[in-house]
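Novice: let's see this in three dimensions:
(chains A and B)
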Amino acid sequence: MEAMTQHTVLFCLGTSLSLPLLSAMLSLVVRERYAWIVSVTSPFLMFVAAVTAVFVSVSTWNEPSLQFNCAWFQLGEIGVRAGVLLNNHTRIMLIVVTTVSALVHIYSTGYMAGDHGLRKYFSALGFFTFAMLLLCVADNFMLIFFAWELVGFSSYLLIGHWSEKPEAAAAAKKAFIFNRFGDAGFLIGMLLIAISRNTFDINALSLVQSHNILDTAAALCIFCGVIGKSAQFPLLTWLPDAMEGPTPVSALIHAATMVAAGIFLIVRVHFIFTPEALNVVVVFGALTALMAALSACVQHDLKKILAYSTISQLGLMVTAAGVGDPSAAMLHLFTHAFFKACLFLGAGSIIHAVHHAQSKSLTHFDVQDVRNLGGLRRDMPFTAIAFLIAGASLAGLPFFSGFLSKDAILSAVFNWTNGGTWQYLILINTLIVSMLTVIYMFRLFWNVFMGEFRGAAELDIHEAPMVMRGPIAVLMICSIWLIVSFSPIHFDGWLYSGLNTTAPHNTIIVIVSALWVLLSLLLAYSFRNKTLQSEFLFRSFYLDRVYSATIIKGTSYLSQLTTKTDVRWIDGGIHLLAYVQVTVANLIGWFDRFIVDGIVNLFAWLANGIGAFIRSFQEGKIQLYVFWSSIAIVIFLIWTLF
Amino acid sequence: MQHYLISLLIFTPLVAACICLFLPKKFEKAFRAVALIVNVQQILWLLPMLVGFRASGMFQFVERSNWITLNLGSWGVLKAEYLVGVDGMSLPLVALSVFVLLIATISSWSIQKNVKGYFVLLLILNAAVIGSFVALDFLLFYLFFEFMLLPMFFLIAIWGGPRREYASIKFLLYTLLGSILILVVMIGLYTSVSDPVASQGGLLVHSFNLLHMMEPMNFISNTILDPNNPWQIGWFNARYWAFLLLFIGFAIKLPMVPLHTWLPDAHVEAPTPVSVILAAILLKIGGYGLLRIAYPIFPEAAMHFGMFVGIMGVLSIIYGALNAMASKDLKRLIAYSSVSHMGFVLLGAASVTEEGIAGAVYQMVSHGIISAMLFLIAGVLYDRTHDRIIDHYSGLSSKMQNFTALVLVGFFASMGLPGFSGFIAEVMVFLGSFRSNATNGVLHESLAVIATSGLILSAAYYLWTLQRMFFGPFHLKANIESDAIVDLTSREYVMLVPLAIAALCFGIFPQPMLDMIDPFAKYLTALVIDHGKAITLNP
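Specialist: Numbering: from 1, shown residues only, chains lettered A, B, ... in the order given. From the prediction side, this is the model:
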């Protein structure tokens, strides 16, 4: 295909970015009575956006990167520009986000039919797609951070979609606050970098290479953002809780796109990570992958198994990025998005179908608990096949896309382990995780589709409607190897080679990996009737308990303390001051009344007394006057004579 | 006309207040109409100022006339002027005040008790607020500053809630304490500063002109605040003391922890429009005073105590947020969140960097918009049920969908979600405080890192409130009638929606306002650093 003009590219980009936003706005202005309109317009707009995005991405594939930007605002000396950057990484993300989003929109029209908050739902979903696309195409840190927080916001809205459910409200809050922890780190890291280089532009930053301790610190701060968004250890527990949201949302946001944004960020700004920082990244990624895979093995909730699996796969991607092969991470991100979305939509179909059947039969049991399911292959053959194919892809069976991308990660880790012993631990860890993946996936499939139905009653379960099966079918097709490469054993296909990467392909690894997966499958089959019970793993290593015992308790203690300080000490001090002042005023009042006035009164009393005394001489009786005058004369005579 | 715009802004409400005094008490609609007309008129006069304002560090629309000239013989001449003007800091704040006062007037529609008195006080407050943002003469500033107390005191004491006497007296005494500290410094400055133009020819003319005070040359040698040879009092010299007094005086108004406890009480008791004015405008005068008076006049002290100011800022951010989390009353929570957000103003100012100071001003405007919205939100609920206790509500979103949407906007704007004005302000403050160590060595980077925990805490208390009040199953405490829970009225939309739009606009397109603020920030930073160095280097 001939090169497109820049204007065409820009126009297509603008279209695919603005249509989701338009869909979000449109959903808000439609009247409640005509809410059904939304379920027509939103999928349609998203479909157009997807077609445009795929067209522009495919037709400019492997062309040099394009950047368009314009001045946005000035932060002191740093000019912040808003703009888009189109390179192969961006193109992959554009394809993933718009395709999965469009499919999820279509699926939602079936899944969410009859929901009261349909407008709210599609509005948030459209806004999420817009923010996610913005995150992918943004050319500078500031814009990325903008979009980064906005996807978190829309995720909050969507997890809490059924807000009258207390668990949903709590999960939404938890997701946002956990993300805030990461985002605070991201913000610090971004500002540290911007201050030392005086720019937010990623292309400009990539030209300046420096490796000092401050760069490591900044990179680790940015990695905090990744930890939050991609649910890595120690901030991983929000993602299983986020499964309270509608299942299509889980598919789009908490499996395929938003949680992968962290991976995309590491890939995008990989040059910022110093070798020391990358080592930390590897350790966190490997730890997360293992922990989540172990937890996934003991969960009972259909969606939670998939959620832990997502965390584990994200851990693998982080590991890949940490060992210095971001392209492998990107490849796995790409394949994972499709097969995991397929699994989630399949799970949604199961929940939808069983829930419907359940509400007709007036029984009640937890439809998401795999212990209550079973034998669904008979009632839902299509979903079973989709689940099988996507699950095989996730487990990494040959001839599926997951096999190739996992192969890329294994190769990357293998090539990296030339040095110390701890690096072999990472390699072994990766292999263990890939085995655990097979085990929990097999267990999930076996419990849900094989055997007999274990639910409370005989239910009349039907396959989901066409509008839900269609997207699943598309995603199922996207889970086979052809999407990545023409050769089913060689991951270095049309996609990987476009990511300017150097990791060599290793045939031995392909063979080992295939054998390893088959061995794991064998193991899983032989242990199919055993169930592992571990409260420790079930509660994901008691991380939540640790948090509630430390951070939450500490914060609430502190907040009580500050309130007490305010009431008792600060206001207490002020009241004491006021009290002292009033007391002093009273004392002075008393002094005024009794001492000052007392003295004055004393004089008055004295004058009064003397006056009375004097007055007593003048009673008006003539005899008394004569008496006193005689005495006076006598005194006078005595006085003068002696 | 162009030359009297500021005076028109100040005196229109005063004239209107006088007219209202002569109207009979029963014309309740007339008072509302007069107040509304004044507010609209003020906006009309503000527009040419916003259009005609040129981005530079200089004062514009300056009006100057003689006010008091008193020959005191051997003590020189006392000279105070009517000197007003706006620069990049005051114009956004004046614009904010005019905008918020309009919304407060609309919000005052529901006031039923003694309408005449209420609107007369509101108009006086209006004039005093605008006057303190534009006064460039210390005496004039002080006059307006004190003049705000009187209407505010009565507005809380008469139209307030159950504990209004306590709250209003606490407010008055706290603020008066601050005013006295400022008065002391003003007198000190008056004795130390001479008017360079009028003083020629052996005549000593003491000036209250703030611009003269900012120039170290204008200090009379061997006076108490002479930069070359200030008096030593106790641990510090007199200039350091003067800075601290001003700092405490304005920090009470800001308010800064631990001088903040008047604020939650005043807010909880004040009627909604008064809360809106208090949070959105009056608190800003604290930050404004710091940047207009304390920083440029005592630059070396500002640099010396920078770390202290920064620590107090971070303390306010975290302490306020923690307190908000423990609040049981919605309005109290919002009041404490104000304390937390005004901490960013202190932190930004303390950094003495262009970004930090611009961020502080941006935060003042942004907080003015957002806190006005939040207090109106609390008022919406209070109007319906006369109950603001968070635990008495649950699941409001099912009955008040549109209100919940606006609450979401307000809460997320306040917690600094990108796309709202608060984010831009916070980023600038963080940037400034990170950069401070490298450029002028005032603040340590760790302060900014600690301050980011305020972002997490604010998310925590807002989302927890949302979860408790608006989500979950619909449920009210027994004595609240569920019939009272109805969605927003059109008057409430008129108040809330413009504020939401303003917060969004300044969050997505910050450049127009930054264009105004930035030259001021650049000018002030250079002034503080240059003068600060020059004064410190003097023997």
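Novice: and the residue of the stretch 151-300 of chain A closest to chain B?
Specialist: Nearest to chain B, among the residues of the stretch 151-300 of chain A, is residue A:169, at 3.5 Å (C-beta to the nearest C-beta). (C-beta placed from N, C-alpha, C; glycine too.)
Novice: that residue: which element?
Specialist: Using DSSP states H and E, residue A:169 sits in helix A:166-197.
Novice: got a list of contacts for the next helix or strand after that helix?
Specialist: Downstream of helix A:166-197, the first helix or strand assigned by DSSP H and E is helix A:202-207. Applying C-beta atoms under 8 Å, 6 or more residues apart in numbering or on different chains, the contact partners of helix A:202-207 are A:67, A:85, A:139-141, A:144, A:193, A:197, A:199, A:268-269, A:271-272.
Novice: now go through these and say which are in strands.
Specialist: A:67, A:85 (DSSP state E).
Novice: can you redo the contacts of helix A:202-207 as CSV with pLDDT?
Specialist: Formatted as CSV, those follow (pLDDT from 0 to 100):
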residue, pLDDT
A:67, 85
A:85, 88
A:139, 89
A:140, 89
A:141, 90
A:144, 93
A:193, 89
A:197, 84
A:199, 86
A:268, 89
A:269, 89
A:271, 88
A:272, 88
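Novice: let me have the contacts of helix A:202-207 in TSV, extended by neighbour count and distance to chain B.
Specialist: Output for these, formatted as TSV (neighbours: other C-beta atoms under 10 Å in any protein chain shown; distance: C-beta to the nearest C-beta, whole Å):
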residue	neighbour count	distance to chain B
A:67	15	21
A:85	21	19
A:139	26	16
A:140	25	13
A:141	27	11
A:144	25	10
A:193	24	11
A:197	17	13
A:199	20	13
A:268	25	18
A:269	21	18
A:271	14	21
A:272	22	17
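Novice: what separation do you get for the residue in chain B that chain A sits nearest to and residue B:397?
Specialist: Residue nearest to chain A within chain B: residue B:471 (3.5 Å; C-beta to the nearest C-beta). Using C-beta to C-beta, to the nearest Å, we find residue B:471 at a distance of 6 Å from residue B:397.
Novice: overlap in contacts, those two.
Specialist: A:163-164.
Novice: tell me where chain A has strands.
Specialist: Going by DSSP E, chain A shows strands at A:66-75, A:78-86.
Novice: the shortest one: which residues count as buried?
Specialist: So the one you mean is strand A:78-86. By 16 or more other C-beta atoms under 10 Å in any protein chain shown, the buried positions in strand A:78-86 come out as A:78, A:80-86.
Novice: now the longest one
Specialist: For strand A:66-75, burial by neighbour count (16+ other C-beta under 10 Å) applies to A:66, A:68-69, A:72-75.
Novice: and of these, the nearest to chain B?
Specialist: residue A:73 (4.3 Å).
Novice: bridging residues for that closest one?
Specialist: Under DSSP bridges, the beta-bridge partners of residue A:73 are residue A:80.
Novice: and it, how close does it get to residue A:123?
Specialist: Between residue A:73 and residue A:123 the computed distance is 28 Å (C-beta to C-beta).
Novice: with residue B:94 instead?
Specialist: Residue B:94 is 37 Å from residue A:123, by C-beta to C-beta.
Novice: what number of residues lie near the residue lying closest to residue A:617 once chain neighbours are set aside?
Specialist: Spatial nearest neighbour of residue A:617, chain neighbours left out: residue A:628 (6.3 Å); criterion: C-beta to C-beta, 6 or more residues apart in numbering or on different chains. Residue A:628 has 13 neighbours, counted by other C-beta atoms under 10 Å in any protein chain shown.
Novice: having no further points to raise, I will conclude here.
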